[in-house]
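> let's see this in three dimensions:
(one chain, ligands or ions: 1)
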Amino acid sequence: MGNSGRVRILGIEVDKVDMAEALERLTGFLGGEVLRMVFTPNSEMIAAALNDMELKHALDNGDLVVPDGIGVVYASRIYGEPLPERVAGYDLMMEFLGVIEREKKGIFLLGGNPGIAQRAGGKILQRFPGIMVKGCQHGYFGDEDVPDILKKINESGADVLFVALGSPKQEKWIYSNRDKLSVKIAMGVGGSFDVIAGEVKRAPAVFRKAGLEWFYRLITQPWRAKRMAALPKFALKVIMDRKGGRRA
Ligand code: UDP
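Model prediction:
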């Protein structure tokens with residue numbers, strides 16, 4: 001397991017890894033003894049962590065933190081410590097599923113609207129027939145249900161827990177339950193189950209390769225505009241932070 005270091009972006013440390021190195025780390029975690037937390041922040045999440053200490057603590061304790069958004073990659077360049085590439089949570093999950101299949105490990109899918117995790121699980125099985133889908137649970141539950149859900153996850157014997165509750169819910173959920181989970185890896189994956197289940201389409205490759213997935217999302221899901229308005233503010237904060245010399 002190589003450790004190529006981290007870059008600190010507005011106080012949040014992000015691993016300087018490309019997709020291959022991220023996968024290598026995850027594979028190492030699979031063979032470990034303790035729970036590893038994996039987060040995939042975009043610039044919105046990093047900006048949110050400035051005012052949300054619980055989210056910041058979660059990200060600070062991530063064992064692998066990769067840049068889901070191109071904005072984070074650009075920010076790393078402003079700090080003069082460029083991240084090698086965007087490692088989108090969805091892509092990392094799909095690549096990792098290949099490893100999980102090869103290693104004959106089991107997964108648990110937590111999150112999404114009722115029925116979505118099951119449908120995503122079905123699609124995963126079609127694509128990775130060797131994977132053991134040990135359990136599914138939708139993401140609309142109350143605090144009182146958490147003990148039962150933890151029990152369900154732990155008794156399933158899953159090695160990897162994918163948590164798709166959206167941000168910052170999923171990061172906080174993983175962090176606050178870290179001592180109660182007996183899986184090897186808990187990873188926040190945002191809206192990935194919706195994409196796997198076929199509910200939501202990802203941007204075409206041409207947009208993704210040009211670093212314009214955010215633009216595709218803006219035109220297909222215009223209600224995200226408000227969240228995206230935070231982006232120029234994020235860029236400005238990064239520039240100020242860099243100028244102020246508050247670098248890691
Ligand atoms: N979600 C959930 N429980 C909640 C809120 C959201 O399971 O209490 C799910 C929602 O159904 C969707 C995902 O979390 O599948 C959030 O997707 P989004 O694309 O908004 O993720 P983000 O961009 O916030 O990471």
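> got the contact list for Leu150?
If a contact means CB atoms under 8 Å, 6 or more residues apart in numbering, then Leu150 has 177, 180-181 as its contacts. In this view, the C-beta of every residue, glycine as well, is placed from N, C-alpha and C.
> those residues, buried ones only, as a ChimeraX selection?
Selection command for ChimeraX covering only the buried members of the contacts of Leu150, criterion 16 or more other CB atoms under 10 Å:
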select :177,181
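> dump the residue contacts of Ile116.
By CB under 8 Å, 6+ apart, the contact list for Ile116 reads 138, 193-194, 197, 199.
> neighbours around the nearest residue to Arg178 once chain neighbours are set aside, how many?
Using CB to CB, 6 or more residues apart in numbering and skipping the chain neighbours, the partner closest in space to Arg178 is Leu35 (5.7 Å). Using other CB atoms under 10 Å, Leu35 has 19 neighbouring residues.
> same check on Glu199?
Count around Glu199 with other CB under 10 Å applied: 15.
> confirm that it lies within a strand, as I assumed.
No: counting by DSSP: H, G, I helix; E, B strand; the rest coil, Glu199 is not part of a strand but coil.
> phi and psi next, for it.
Glu199 adopts backbone torsions of phi -80, psi -40, taken as degrees, to the nearest 10.
> quick check: it vs Ala164, distance?
Using CB to CB, to the nearest Å, Glu199 is found at 11 Å from Ala164.
> again with Phe234
23 Å.
> find the closest residue to the ligand in the protein.
Closest residue of the chain to the ligand, CB to the nearest ligand atom: Gly139 (1.9 Å).
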